[in-house]
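Colleague: Next comes the sequence, and after it the predicted model I'd like to discuss.
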Amino acid sequence: MDGQFPVSVHGGHSGQFCGHAKDTLEAIVRTYIDQGYPWVGITEHMPPVSDPFVYPEEKNEGLDARALKKRFADYMSACRRLQAKYAGQIRIYVGFETEAYRGSHDYAKELIETFSPDYVVGSVHHVKDIPFDYNQRRYDEAADCCGGLDGLYATYFDQQYEMIRALTPRVVGHLDIVRIFDSDYHSRLVKPVIWEKIVRNLRLVKRLDLILDFNLRPLSRGADEPYPSAPILKAACEMGIDIVPGDDSHGVADIGAHMLRAIKLLRAAGLSTVWRKPVDDPR
């Protein structure tokens, strides 16, 4: 099998269980089936540790940390039900996406112990407990707290390194999402003080035999390339790291939207498109 079929190792966010997504989880699963995905990882966000980490959109729904943990439990139950219901049509891997802020690592471990996901995606959306990818204002706030954009990048990659060490997630999500609101990211990523941290993190991913998420979400927002950017992709390829597409879908409209482009980019980088699954599954 040449592997040139669509898969997603990171995605499946739904309006049912995520305030900034759309559509029901079942509608999303059925769309993956309709588009010929043989397997997919569903990785909803973990709930917040405490109320200060509840997002504005969730607060507007009247949700707090306790309610969001209940919603997460409902998500895990619903995803397991769909995993069984559609087992003859698609292989669903039930997971969740981690965070990296004060108390999140211990909480993620608690969630893993309680809910026994098939795997987790290790992601960083906060720097110094500020959700930098929420909007430009919070991004600028995080940068100011780090002494500027170079400091933001350096702190982000340090937090990512600690997250990987603490959780050993099977998949490392959107490795360079820290560039989300930076128009000069091409030059900033390769600054020696930042690049050495990226290489350090990639070496850890390789040593732990983890998968790198080739995250297509930026393409849906009009960006020129997925996460990670071309220099990081090249370095990861040279290290022999397994890289697998993740659509980071937030509704049915995202599914498959950029998959052919992703496959072409990975093939052009010299990567095999015999996709590694996020769990040791012989099927």
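Modeller: Nice, I can see it.

Colleague: Tabulate the CA atom coordinates of the top helix by length along the chain in CSV.
Modeller: For the chain, the helix that runs over the most residues, judged by DSSP state H, is helix 65-85. The C-alpha coordinates for helix 65-85 follow below in CSV (Å, rounded to 0.1, in the frame of the first residue of the first chain):
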residue,chain,number,x,y,z
ALA,A,65,-13.8,24.5,34.9
ARG,A,66,-16.1,22.0,36.6
ALA,A,67,-18.7,22.1,33.8
LEU,A,68,-16.0,21.8,31.2
LYS,A,69,-14.6,18.6,32.8
LYS,A,70,-18.1,17.2,32.7
ARG,A,71,-18.3,18.1,29.0
PHE,A,72,-14.9,16.4,28.4
ALA,A,73,-16.3,13.3,30.1
ASP,A,74,-19.3,13.4,27.8
TYR,A,75,-16.9,13.8,24.8
MET,A,76,-14.9,10.7,25.7
SER,A,77,-18.1,8.7,26.1
ALA,A,78,-19.5,10.0,22.8
CYS,A,79,-16.3,9.3,21.0
ARG,A,80,-16.1,5.8,22.3
ARG,A,81,-19.7,5.2,21.2
LEU,A,82,-18.9,6.4,17.7
GLN,A,83,-15.7,4.4,17.6
ALA,A,84,-17.8,1.3,18.2
LYS,A,85,-20.7,2.4,16.0
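
Colleague: buried stuff in it?
Modeller: Along helix 65-85, these residues count as buried under the neighbour rule (16 or more other CB atoms under 10 Å): 65, 68-69, 71-72, 75-76, 78-80, 82-83. C-beta coordinates here come from the backbone N, C-alpha and C atoms, glycine included.

Colleague: Considering the residues you listed, which is situated nearest to residue 42?
Modeller: Residue 42 has its nearest neighbour among the buried residues of helix 65-85 in residue 79, at 5.3 Å by CB to CB.

Colleague: Can you give me the neighbour number for the closest residue to that closest one other than its chain neighbours?
Modeller: Spatial nearest neighbour of residue 79, chain neighbours left out: residue 94 (4.5 Å); criterion: CB to CB, 6 or more residues apart in numbering. By the criterion of other CB atoms under 10 Å, residue 94 has 23 neighbours.

Colleague: average pLDDT for the one helix or strand residue 94 maps to?
Modeller: Element membership for residue 94, per DSSP states H and E: strand 91-97. Mean pLDDT, computed over strand 91-97, is 98.

Colleague: quick revisit: want to throw the buried residues of helix 65-85 into JSON lines with distance to residue 17?
Modeller: Conversion of these to JSON lines gives the following (distance: CB to CB, whole Å):
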{"residue": "65", "distance to residue 17": "15"}
{"residue": "68", "distance to residue 17": "10"}
{"residue": "69", "distance to residue 17": "12"}
{"residue": "71", "distance to residue 17": "6"}
{"residue": "72", "distance to residue 17": "7"}
{"residue": "75", "distance to residue 17": "4"}
{"residue": "76", "distance to residue 17": "9"}
{"residue": "78", "distance to residue 17": "8"}
{"residue": "79", "distance to residue 17": "9"}
{"residue": "80", "distance to residue 17": "13"}
{"residue": "82", "distance to residue 17": "12"}
{"residue": "83", "distance to residue 17": "15"}
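
Colleague: about what we covered before: next structured bit after the strand holding residue 94?
Modeller: That would be, after strand 91-97 and using DSSP H and E, helix 104-115.
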